[in-house]
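**Student:** This is a predicted model, with the sequence first.
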Amino acid sequence: MPTPILKAENLVRRLKFWNQKVIVNGFSIQINSGEIVALLGGNGAGKSTTLDMLSGLTRPTSGKISQYQPEKDSWRDITNEPLYKRAQHGICYLSQKPSVFEGLTTRQNLLGIMEIMHDRDLRSSMNAYDSSLKTREDFCDALLHRFDLYKRRDEKVNILSGGEKHRLEIARSFIRKPKLILLDEPYAAVDVAGIELCAQMFRRVREMGVSIVIVDHRTDEVLKICDRAIFMHEGRIHTIGTPYEIVRIPLVQEKLLCAETPRMLEMFSTPGPYVEPSSQPTATPEMFKSKTVRIE
């Protein structure tokens with residue numbers, strides 16, 4: 001059985017200065033380890049506000065958010081816990097614009113975080129990642145290798161591509177043993193090749209046992225990588241299902257897919273995971289090292 005990570009119960013968000021307008025109404029979901037969950041919906045559906053509540057950027061008007069503690073086999077109430085506190089417990093929020101330090105090198109971005117951590121916490125993270133690691137420098141290099149950034153370790157971040165900055169940001173989140181990564185519009189302004197690179201990175205993260213919740217307007221690309229999709233309409237959860245099931249919901253076709261419905265039905269023609277057509281090239285490890293694909 002998968003290990004639970006996060007649980008939201010009846011989340012409600014109202015705007016006080018807009019006649020108590022309800023943005024999210026009764027959102028409930030449990031996120032389990034090693035899965036990618038997509039939040040889908042049209043403009044104003046409430047998905048971004050939901051992500052903000054899960055991350056700690058916004059407090060719900062009512063409802064409860066809990067994080068599972070496997071060592072105690074119990075749930076910890078984090079409803080009113082701010083973003084930085086949740087990050088310390090493995091819930092990381094990555095915004096559309098990377099927040100890496102562009103004046104530092106790739107390696108310095110990682111070592112700088114390690115230097116301000118308590119030795120006990122850093123050792124715990126190192127052991128969780130790889131018990132054979134001895135020093136923070138070893139840990140840094142292991143993360144750079146994992147996310148295909150080692151060859152750019154001594155370069156300033158401001159000359160990296162957008163995709164490389166995203167990989168660095170996710171690598172940085174691994175310093176604090178992430179359990180869940182919340183992604184806000186990771187495919188914004190990304191070309192086709194860059195999207196495939198990002199998708200492969202997200203699959204890698206999932207294979208490492210980390211869960212992802214993703215909000216993005218590129219519905220087709222998000223459905224390719226997710227295990228479950230949540231379709232929101234007018235602030236409520238309308239449907240939860242696999243990509244195969246979601247694209248066959250009439251309201252999803254009407255409000256979200258529209259003219260793309262036939263293509264999406266063909267794309268997700270079987271209940272299993274999405275498989276790229278053999279006629280299309282797939283990304284290779286070498287492609288991750290390319291400096292020609294830029295995400296701005």
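**Tutor:** Received the coordinates, thanks.
**Student:** any idea of the mean pLDDT for stretch 153-163?
**Tutor:** What stretch 153-163 shows for mean pLDDT is 89.
**Student:** in that stretch, what's buried?
**Tutor:** Under the neighbour-count criterion of 16 or more other Cβ atoms under 10 Å, stretch 153-163 has 153, 157, 160-163 buried. To be clear about C-beta, it is placed using only N, CA and C from the backbone, and glycine gets the same treatment.
**Student:** Mind picking the two most distant members of these?
**Tutor:** Pairwise distances across these (Cβ to Cβ) peak at 18.3 Å, for the pair Arg153 and Gly162.
**Student:** now the buried residues of stretch 153-163 in TSV, with distance to Cys140 and secondary structure?
**Tutor:** Shown next, in TSV, are those (distance: Cβ to Cβ, whole Å; DSSP: H, G, I helix; E, B strand; the rest coil):
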residue	distance to Cys140	secondary structure
Arg153	8	coil
Val157	14	helix
Leu160	16	coil
Ser161	21	coil
Gly162	22	helix
Gly163	20	helix
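**Student:** For the stretch 101-250 of the chain, which segments count as helices?
**Tutor:** Assigned by DSSP state H, counting those that start in this stretch, the stretch 101-250 of the chain shows helices spanning 106-115, 119-129, 136-146, 162-173, 192-207, 219-225, 243-246, 250-252.
**Student:** what about these, which gets the closest to Tyr274?
**Tutor:** Proximity to Tyr274 (Cβ to Cβ) singles out helix 219-225 among the helices of the stretch 101-250 of the chain, at 4.6 Å.
**Student:** Distance from the chain centre to that closest one, please.
**Tutor:** Put simply, helix 219-225 sits 13 Å off its chain's centre (Cα atoms, centre = their mean, to the nearest Å).
**Student:** now the strands: where do they sit in the chain?
**Tutor:** Ranges of strands in the chain, per DSSP state E, are 4-15, 21-32, 36-40, 62-69, 74-77, 91-94, 180-184, 211-215, 228-233, 236-241.
**Student:** Return the set of buried residues in the second one.
**Tutor:** Meaning strand 21-32. Buried positions in strand 21-32, judged by neighbour count with 16+ other Cβ under 10 Å: 22-25, 27, 29, 31-32.
**Student:** Next: the first one.
**Tutor:** Residues of strand 4-15 classed as buried under the neighbour-count rule (16+ other Cβ under 10 Å) are 4-8, 11-14.
**Student:** And the fourth one, by the same measure?
**Tutor:** Of the residues in strand 62-69, 63-68 count as buried by neighbour count, 16+ other Cβ under 10 Å.
**Student:** Now that we have those residues, can you turn them into CSV and tack on distance to Asp138 and pLDDT?
**Tutor:** Converted to CSV, the buried residues of strand 62-69 look like this (distance: Cβ to Cβ, whole Å; pLDDT from 0 to 100):
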residue, distance to Asp138, pLDDT
Gly63, 43, 97
Lys64, 40, 97
Ile65, 35, 98
Ser66, 35, 98
Gln67, 29, 97
Tyr68, 30, 96
